[in-house]
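**Student:** Sequence and predicted structure, then a few things I'm wondering about:
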Amino acid sequence: MKSITPNLQAHLDDGTTTLSWCWRILRADGASFGFTDHDRTLTFDGTNFEPESGLTASEVRSGSDLSVDAQDAEGVLTSDRITETDILDGRWDNAEVEVWRVNWAETSQRVLMRRGAIGQIRRGRLAFVAEVRSLAHVLGQTVGRTFQATCDAALGDARCGIDLENSAFRGTGGVIDFLRDRAFTASGLGAFTSGWFTFGTLEWTGGANAGRRAEIIAHDLTDGIAVLTLLEAPVRSIAEGDAFIVRAGCDKRLETCGAKFSNTVNFRGFPHIPGQDAVLRYATKDGGHEGAVL
């Protein structure tokens, strides 16, 4: 239930109102931003809500069930606060959002309308539209263990126990030659066998992409030279000499956990769980249906 101050209620009851929308956004990297659809800067709670971004809001789409309520915020890409590069980098993904209704003539008269997170971002040549999802979107996330044949732990986390900073699972190198939009030959990785870094991560430490991480979809060796292929092409171009750190990957199978990491004791999957082939199996004349383990 929203709490409206007497002064704001009196303003709402008046025949003429001076209301505007304000958005406070906190990104995962800790950067905080304030935007408003008013034509001048508004300030409250230590945040400046700037109009230069050109943000405008749609109606709030909501229902009485547990579906995710949403509201769209539209803005121009020419703002120095919201750049197309940052959107492509994913810096705005799942950022925390507060949506305020404010009396721009007296900002102490305001009410928090909703909290949520940035969802889908659609972008065009000159503008973007960001979906602001309600807190109900958290209900759609998986909580607890997943019963599956493969491991559900993240490689290197507390449940896995592998130290990815160990030299056996970590390598440093640099780009030798750019092959295509997301593949390149790399130096410094000659001691690692082909596929060692497949499904691993790459952290750029130099070049235009410094500080950003990417997933590795393939690691090959050609004439003793490592070839890395990223899952997605980075926003900024890869250049010769760009330095990086790579960490080993895991395909989540029990065989890999034992052979590559000697970590079977911490395997977090259920390798003997029946698969779809067992569910879809039908009776045959050759027997094999005496109730024994499949």
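**Tutor:** Yep, it's here.

**Student:** so where do the helices sit in the stretch 1-150 of the chain?
**Tutor:** For the stretch 1-150 of the chain, the helices defined by DSSP state H, counting those that start in this stretch cover 6-13, 84-89.

**Student:** of all the ones you listed, which gets the most neighbours per residue?
**Tutor:** helix 84-89 (a mean of 15; mean count of other CB atoms under 10 Å). (Glycine included, C-beta is placed from N, CA and C.)

**Student:** gap between it and the chain center?
**Tutor:** When distances are taken as CA atoms, centre = their mean, to the nearest Å, helix 84-89 is centred 13 Å away from the chain's centroid.

**Student:** That one - what's its average pLDDT?
**Tutor:** Regarding helix 84-89, the rounded mean pLDDT is 74.

**Student:** Quick one: residues contacting the nearest residue to Thr256 once chain neighbours are set aside.
**Tutor:** Closest residue to Thr256 apart from its sequence neighbours, by CB to CB, 6 or more residues apart in numbering: Cys250 at 5.8 Å. Each residue near Cys250 by CB atoms under 8 Å, 6 or more residues apart in numbering is listed here: 151, 155, 199-200, 256-257, 260-261.

**Student:** Among those residues, which one lies nearest to Pro6?
**Tutor:** Leu155 (55.7 Å; CB to CB).

**Student:** In terms of helices and strands, where is the closest one?
**Tutor:** Leu155 is part of no helix or strand when elements are defined by DSSP states H and E.

**Student:** now it: how far from Phe270?
**Tutor:** Look at Leu155 and Phe270: by CB to CB, to the nearest Å, they are 18 Å apart.

**Student:** do the same with Asp177
**Tutor:** For Asp177, the distance to Phe270 - CB to CB - is 43 Å.

**Student:** Excluding chain neighbours, give the residue nearest to Asp29 in space.
**Tutor:** Leaving aside its chain neighbours, Asp29 sits nearest to Arg91 (6.4 Å; criterion: CB to CB, 6+ apart).

**Student:** Likewise for Gly161?
**Tutor:** The spatial neighbour of Gly161 that comes closest, neighbours along the chain excluded (CB to CB, 6+ apart), is Asn266 at 4.8 Å.

**Student:** Backbone dihedrals for the one you found, please?
**Tutor:** Asn266 adopts backbone torsions of phi -100, psi 10, taken as degrees, to the nearest 10.
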